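# Could you work out the structure for the sequence below:
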Amino acid sequence: MWTLVRSALLLSFLLPVLSGAAAQAPTPPHTFTVSGGQFLFDGKQYQVISGEMHYPRVPRAYWRDRFRMARAMGLNSITTYVFWNLHEPRPGVYDFSGQNDIAEYIREAQQEGLHVILRPGPYVCAEWELGGYPSWLLKDRTMVLRSSDPKYLAAMNRWFARLGKEIEPLLLRNGGPIIAIQVENEYGSFGDDHAYMEAVKKSIAQNGMDAGVLYTADGAERIPEGSLPELPAVINFGPGEAKKAFGTLQSLRPAGPYMSGEYWAGWFDHWGEKHHVTDPAREASELEWMLRSGFSVSIYMFHGGTSFGWMNGANSDGKNYEPDTTSYDYNAPLNESGQPTKKYFALRDVIARVTEQTLPPVPSGTEARAFSFSAQMESAPLWSNLPRPVESATLLTMEDLDQAYGYILYRTDLAPGEGGELQIDGLHDYAQVYVDKKLIGSLDRRLDTSKLNLPIAKAASTLDILVENTGRVNFTKVIRGERKGIIGSVKVGGKQPARWKIYSLPMDKLDQVHFASSTCEGPCFYRTSINVPEVADTFIDTHSVQKGEAWINGRPLGRFWSIGPQFTLFTPGPWLHAGQNEVVLFDLMGSSASESVKSVAKADYGAQ
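This next block holds a predicted model:
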């Protein structure tokens with residue numbers, strides 16, 4: 001058996017190099033199939049040794065560097081999700097440019113000697129906003145996500161038809177590196193509608209993504225609910241679970257093949273928790289057992305990177321709410337900024353030992369530096385930079401206003417004598433409450449707070465409720481109603497206000513914010529610059545700010561929040577230029593402390 005495994009390992013290591021080297025000359029199409037319980041590449045036994053890395057979480061300029069790091073660790077494949085909400089931000093409007101150029105990502109992987117496993121969903125989880133679904137799907141309250149609802153399936157089919165145009169030329173049979181495509185994603189943890197799963201499989205195949213191998217992925221115990229009998233089923237699990245999980249897979253699918261689609265070599269962080277750190281030695285030992293057993297594996301994550309902008313997801317069981325941090329470091333073999341860690345070298349040693357190959361040398365990583373901030377800080381109060389409102393007798397959500405991310409402001413009038421208990425039912429997700437622009441308090445879905453006391457108005461007053469979308473839930477059936485803003489009702493002193501002015505604040509037009517050289521308190525924008533003598537990665541230290549978002553040269557870096565565990569924002573060198581670079585911060589609780597932000601050379605994820 002070990003002789004066969006060694007032969008498969010040798011083939012799995014050499015084939016990406018050989019296929020890449022032969023790309024210049026006409027060659028017969030390669031094949032990737034399943035037969036006799038084994039993956040076969042061109043008819044020969046093949047063991048997948050893959051790692052997960054997501055193109056939007058890694059600056060495009062660094063894709064190739066990270067692929068070379070993957071090869072140097074001994075990987076022969078890269079696994080990635082496809083993020084529908086990035087590519088179709090509005091119905092029928094598609095974006096595959098720049099950071100969203102998934103075809104280029106796949107081509108570069110091939111050029112660096114890697115095969116690709118594609119996971120187009122349409123649902124992806126991934127600790128990503130709404131599990132990758134575009135928020136506009138939620139505007140129609142009758143549409144049921146992840147179901148056989150004809151309206152949902154029609155939207156999915158249109159999306160897959162467009163995605164297929166990017167993907168079909170990159171399939172293995174067409175000379176590309178894509179060896180396998182996943183159907184849906186851990187559906188067994190969500191439901192058991194096999195007709196829906198068949199519809200997803202049919203759409204993938206009919207829209208140009210019929211790779212040699214289609215497969216499903218679930219926790220081992222959920223295979224009966226989430227898999228399709230005609231497709232291979234791979235399993236997802238964490239450290240310490242391999243033997244039990246593969247035992248379950250073998251009992252349910254005795255014919256094989258056997259693969260871990262996600263081996264969780266790390267974990268993600270929620271705001272208000274500690275940063276997760278897992279044991280490299282334990283994971284290396286378990287990886288070695290899997291490889292020596294002849295099993296294929298994809299390490300989740302090989303490189304986590306950063307959920308730039310507003311794209312972090314959240315967890316909820318329908319009662320709680322746990323938003324994810326901007327950093328997706330994941331305690332992965334490559335850290336957030338792409339540096340190899342102790343875990344990287346531990347897993348590399350295992351792969352080299354089991355494959356008996358001399359791996360490529362580890363590339364020198366990019367080093368981060370600290371830069372100086374300008375002493376000048378301009379500011380702009382949110383109150384002076386509001387857009388034209390929508391007037392409504394009812395509360396509208398972000399989706400009603402065709403808004404995906406950012407903030408939404410609800411304003412109403414209080415007559416003399418009005419006030420008392422404010423109750424918000426259906427707050428999604430975090431609100432600051434003001435009377436005549438004076439902060440009264442905050443409410444937080446994370447803490448399940450929904451009430452506070454307002455002062456009794458002595459004269460006509462204005463009530464403002466500023467609501468932040470802190471990240472749409474990406475797991476469980478909660479996604480089906482995960483609209484943002486206030487999705488229920490507001491009562492003041494037991495009565496619902498009759499009229500509202502509602503301001504959509506997607507925070508996507510910074511050039512329209514009017515800055516001045518003055519101090520600012522409350523929800524404020526701040527603008528300064530960072531001096532970069534020589535371009536390199538850096539981190540913006542967020543200890544001096546409270547809660548909000550940061551941008552560098554107009555690019556959204558992500559969220560900050562003083563509750564931690566994350567206290568730095570990764571700022572990629574390719575997004576900087578020599579000289580002065582504009583930094584903009586929006587802080588819900590702005591103060592003079594916001595003027596003391598700085599740049600540091602190392603990530604800070606708080607106490608561990």
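
# Was I right to think V200 contacts W159?
No. Applying C-beta atoms under 8 Å, one finds V200 not in contact with W159, separated by 11.4 Å. All C-beta atoms are positioned from the backbone trio N, CA, C, and that covers glycine.

# got the contact list for the residue lying closest to I502 once chain neighbours are set aside?
Using C-beta to C-beta, 6 or more residues apart in numbering and skipping the chain neighbours, the partner closest in space to I502 is V390 (4.8 Å). Contacts here follow C-beta atoms under 8 Å, 6 or more residues apart in numbering; on that basis V390 touches 396, 401, 501-504.

# shared neighbours of V200 and W159, anything?
By C-beta under 8 Å, 6+ apart, the residues touching both V200 and W159 are P122.

# The spatially most central residue of the chain - nearest residue in space that isn't next to it in sequence?
Central residue of the chain (C-alpha atoms, centre = their mean): W128, 3.3 Å from the mean position. Excluding the flanking residues, the one nearest W128 by C-beta to C-beta, 6+ apart is G313, at 5.0 Å.

# Can you give the distance of stretch 433-441 from its chain's centre?
The chain centroid and the centroid of stretch 433-441 are separated by 33 Å under C-alpha atoms, centre = their mean, to the nearest Å.

# same check, this time on stretch 195-204
Distance, stretch centre to chain centre, for stretch 195-204: 24 Å (C-alpha atoms, centre = their mean).

# list the buried ones in that stretch?
For stretch 195-204, burial by neighbour count (16 or more other C-beta atoms under 10 Å) applies to 196-197, 199-201, 203-204.

# average pLDDT across that stretch?
Stretch 195-204 shows a mean pLDDT of 98.

# low-scoring stretches of the stretch 451-600 of the chain, by residue?
Within the stretch 451-600 of the chain, the ranges that satisfy pLDDT under 70 run 593-595.

# dump the residue contacts of the residue nearest to the centre of the chain.
Listed by C-beta under 8 Å, 6+ apart, the contact partners of W128 are 81, 83, 85, 307, 311-313, 474.

# just I299 next, same as before
50-52, 75, 263, 265, 287, 333, 347.

# between the residues you listed, which is closest to W136?
Within these, proximity to W136 (C-beta to C-beta) peaks at E52, which comes in at 27.1 Å.

# pretty sure the closest one is touching V297, no?
No. With contacts counted by C-beta under 8 Å, E52 stays clear of V297, the gap being 11.0 Å.

# Show me what I78 bridges to in the sheet.
Listed beta-bridge partners, I78: G51, V116 (assigned using DSSP bridges).

# Quick check: the gap between it and F96.
As defined by C-beta to C-beta, to the nearest Å, I78 lies at a distance of 18 Å from F96.

# and these two? which has more neighbours close in?
Legend: neighbour count by other C-beta atoms under 10 Å for I78 and F96, higher for I78 (31 against 15).

# nearest to F586, of the buried residues of stretch 195-204?
F586 has its nearest neighbour among the buried residues of stretch 195-204 in V200, at 38.4 Å by C-beta to C-beta.

# secondary structure class for that closest one?
Secondary structure for V200, judged by DSSP: H, G, I helix; E, B strand; the rest coil, is helix.

# give me the number of residues near the closest residue to it other than its chain neighbours?
Nearest residue to V200, sequence neighbours excluded (C-beta to C-beta, 6+ apart): E184, at 5.0 Å. For E184, the neighbour count with other C-beta under 10 Å is 26.

# hang on, E184 packs against G121?
Yes. Counting by C-beta under 8 Å, E184 does reach G121; the two are 6.7 Å apart.

# Any figure for the gap between the closest residue in space to L505 that isn't next to it in sequence and P360?
Nearest residue to L505, sequence neighbours excluded (C-beta to C-beta, 6+ apart): Y407, at 4.0 Å. Distance, Y407 to P360, by C-beta to C-beta: 47 Å.

# Neighbour count for those two, which is higher?
Y407 (26 against 15).

# so the more buried one bridges to which residues?
Y407 forms beta bridges with E468, L505, as assigned by DSSP bridges.

# got a pLDDT number for it?
Y407 carries a pLDDT value of 98.
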